[in-house]
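Participant: structure of the sequence below:
(chains A and B)
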Amino acid sequence: MNAASFRPIAPRAAPVRTEGALPWLKRSLFSNAPSTLATLVLLGLAVWWLPQLISWGLLKAVFAPSFEQCQAARGFGACWGVVTEKYRLIIFGRYPFEEQWRPLIATVAMVAALVASCIRVFWRPWLVLLWAAMLALFFGLMFGGFAGMEHVATDRWGGLPLTVLLATLSIVLAFPLAVVVALGRRSKMPAIKTLCVVYVELIRGVPLISVLFMASFMFPLFMPPGTSIDVLLRVLVGITLFSGAYMAEIVRGGLQAIPKGQQEAADTLGLSYWQAQRKIILPQALALVVPGIMNNFIAIFKDTSLVTIVSLYELTGAMGLALNSDSDWRPFKIEAYLFIAAIYFIFCFSMSRYSLWIERRLSASKNR
Amino acid sequence: MPEAIITFEKVNKWYGNNFHVLRDIDLSVAKGERIVICGPSGSGKSTLIRCINRLEEHQQGTLKVDGVELTDDVKAIERVRKQVGMVFQQFNLFPHLTVLENLTLAPMWVSKMPKADAEERAMQQLQRVRIAEQAEKYPLQLSGGQQQRVAIARALCLTPKIMLFDEPTSALDPEMIKEVLDVMTELAGQGITMLCVTHEMGFAKAVADRVIFMDQGQIVEENTPHEFFDNPKSDRTKDFLSKILGH
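Facilitator: Next up is the predicted model:
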């Protein structure tokens, strides 16, 4: 064929169907021998194991809060009765029983604010006001002491409201802290850079438990006598400082990945340092580290369970409290653990799906 | 002699302690002058033009741009950068912003221009580089040549008196070089001061008032394009020209 006779060839359909359920099954489960073998083995395990699980968890399980029935079903049926019996203690901890509607409303309000903050149409300046109002409502309800509500001190707060409060506030505070520290670590000013390096390395060098211990037991020793800061606040600051240090390193990783030319272009256009960071560098750097950041958010949510060691009984602690003090129900701890595991899972899985959505949204704007 | 807009006096620069990248640079650029800078890689030509808007700092000598001496003074740097636009080899567009947002960012945030005015000006500049229909796309959706034209338009949005080009066509496919050079040639006819690091000798011949040849951090030779290409004075220049024009 010579160049003069060049004629474009019209596109044709592919010879093999690649869409639909059957091709998908073949491609994903039976594409070659090892894959087929794995599919069959897993299928066999499921057939063998699932009926037992259903039998234990549903068919032979006891749902009524009856100790005698649970005792009778031991070994072959789950005792969900422990949850029916103790759920209020597990979810609200030592908060006065009659007043538990207050933490309920407070928690629902906070979760609603969290959900709203995840939705794009709510990304408006007034969202800050919404949060201020929500926090006022939350602490108003939890503390009480007005409008006929009994005053409840922080040492009696517990369960899910405490978990949600600690996780939310330390995430909301640790994230901006992390961004500032990450920028500080790349600063040309030696004092700021050193301060940020020392902070990150100090905090990363110790376990969260020891940070909480220090916040709870050692910090008061250094305070002038007569002054005291609420243990909840101290623990909150501890978790925030701890996760801030970890997240700062994640954010710094994102900052390192941005080509130098982006900063140079911003400089050339006359943008100030903060304008360049806010408009050019951070949007790109943070988009790169969404998975890492969300990893950290999820870790914070679960790490709040460590505050039990300083006598704040969040969800895990409240469950321990509910069962350890009751020798009848103590043997059914596994079912109670599964119950709170489900609660943790709902929160963590939602965060993880949200992070995927964010990733997709961010990449959609860039690719062709 | 028209008034000088950029003057280098005995400018020296080192990278680290040992690498002497600019050596005793004396150069005066007149208002409206179009200069092409060429030379082998590592000769300091990029560094030279990057000193003009203080992306690099010089350690000795004085460098004045539009009457302002460049020092550590942040205000002075700000004033100079308002007058100097720059186009990079790698375009350096902001990939997370649309073409239009790339262009309106600096006018809105640096010059505090209202959004509507900034967009109007941006569209004018996009028309000038013949790419207005791509305004809503993201940079990575465009070809290299289109991206570089957007980068030129972005720099022009701040109505600079001086434009710096740092090897603007070196990262482009051969088919796209021409569309960028055409835009630059057009710009050269409009009275803006231009300094361009490039090896496009056809462009140098067509638009440059002066060609500067650099080697090892020094200005070896400067002359009109005609004299430079047809009658090079130094052996180093002859050697360089034979290599880039010889094939």
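
Participant: so, low pLDDT: which residues of chain A?
Facilitator: Counting by pLDDT under 70, chain A contains low-confidence ranges at A:1-3, A:364-368.

Participant: point out the residues in it that sit beside chain B.
Facilitator: Counting by CB under 8 Å from any CB of the partner chain, the residues of chain A close to chain B are A:259, A:261-262, A:264-265, A:267-271, A:275, A:279-280, A:283-284, A:287, A:365-368. Backbone N, C-alpha and C define where each C-beta goes, glycine included.

Participant: what about the strands in chain B?
Facilitator: B:4-15, B:19-30, B:34-38, B:60-65, B:68-69, B:84-87, B:162-166, B:193-197, B:210-215, B:218-223 (DSSP state E).

Participant: ok, the fifth one: who's next to it in the sheet?
Facilitator: I take that to be strand B:68-69. Paired neighbours of strand B:68-69 in the sheet (DSSP bridges): strand B:60-65 (antiparallel).

Participant: I'd like the average pLDDT over the strand it pairs with.
Facilitator: Here the mean pLDDT over strand B:60-65 is 95, rounded to a whole number.

Participant: again, but for stretch B:84-99
Facilitator: 95.

Participant: hey, which of the strands of chain B is tucked in deepest?
Facilitator: When neighbours are counted by mean count of other CB atoms under 10 Å in any protein chain shown, the highest per-stretch mean among the strands of chain B falls to strand B:84-87, a mean of 26.

Participant: adjacent strands (with direction) for it?
Facilitator: According to DSSP bridges, strand B:84-87 forms sheet pairs with strand B:162-166 (parallel).

Participant: can you name the residues in contact with the partner strand?
Facilitator: Taking contacts as CB atoms under 8 Å, 6 or more residues apart in numbering or on different chains, the residues outside strand B:162-166 that touch it are B:5-6, B:46, B:49-50, B:52-53, B:65-66, B:83-89, B:155-156, B:184, B:187, B:192-198.

Participant: quick one, what contacts residue 184?
Facilitator: No chain was given, so I picked chain A. Residue A:184 makes contacts with A:192-193, A:195-196, as judged by CB under 8 Å, 6+ apart.

Participant: nope, chain B please
Facilitator: Residues touching residue B:184, when contacts are defined by CB under 8 Å, 6+ apart, comprise B:152, B:165, B:168, B:194, B:196, B:203, B:207.

Participant: residue A:214 against residue A:237, yeah?
Facilitator: No: Residue A:214 sits out of contact with residue A:237 when judged by CB atoms under 8 Å, with a separation of 10.7 Å.

Participant: thinking again about what came up before, in CSV: the contacts of residue B:184, plus pLDDT.
Facilitator: Compiled in CSV, those are given as follows (pLDDT from 0 to 100):
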residue, pLDDT
B:152, 96
B:165, 97
B:168, 95
B:194, 96
B:196, 97
B:203, 93
B:207, 92
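
Participant: now those as TSV including distance to residue B:240?
Facilitator: Conversion of these to TSV gives the following (distance: CB to CB, whole Å):
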residue	distance to residue B:240
B:152	27
B:165	20
B:168	20
B:194	22
B:196	17
B:203	17
B:207	20
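
Participant: that older thread, residue A:62: which of the strands of chain B is closest?
Facilitator: strand B:84-87 (75.0 Å; CB to CB).

Participant: all helices of chain B, in order?
Facilitator: Shown for chain B, the helices assigned by DSSP state H span residues B:45-52, B:74-83, B:99-109, B:115-128, B:144-156, B:174-188, B:201-207, B:225-230, B:235-245.

Participant: okay if I get the ones you listed as JSON lines plus distance to residue A:202?
Facilitator: Below are these laid out as JSON lines (distance: least, CB to CB, whole Å):
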{"stretch": "helix B:45-52", "distance to residue A:202": "39"}
{"stretch": "helix B:74-83", "distance to residue A:202": "33"}
{"stretch": "helix B:99-109", "distance to residue A:202": "37"}
{"stretch": "helix B:115-128", "distance to residue A:202": "45"}
{"stretch": "helix B:144-156", "distance to residue A:202": "43"}
{"stretch": "helix B:174-188", "distance to residue A:202": "52"}
{"stretch": "helix B:201-207", "distance to residue A:202": "57"}
{"stretch": "helix B:225-230", "distance to residue A:202": "61"}
{"stretch": "helix B:235-245", "distance to residue A:202": "56"}
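
Participant: need the contact list for the spatially closest residue to residue A:299 that is not a sequence neighbour.
Facilitator: The shortest distance from residue A:299 to any residue that is not its chain neighbour, by CB to CB, 6 or more residues apart in numbering or on different chains, is 7.4 Å, and that residue is residue A:243. Residue A:243 makes contacts with A:170-171, A:174, A:178, A:296, A:299-300, A:303, as judged by CB under 8 Å, 6+ apart.

Participant: before we move on, the earlier item: among the helices of chain B, which is nearest residue A:114?
Facilitator: helix B:99-109 (29.7 Å).
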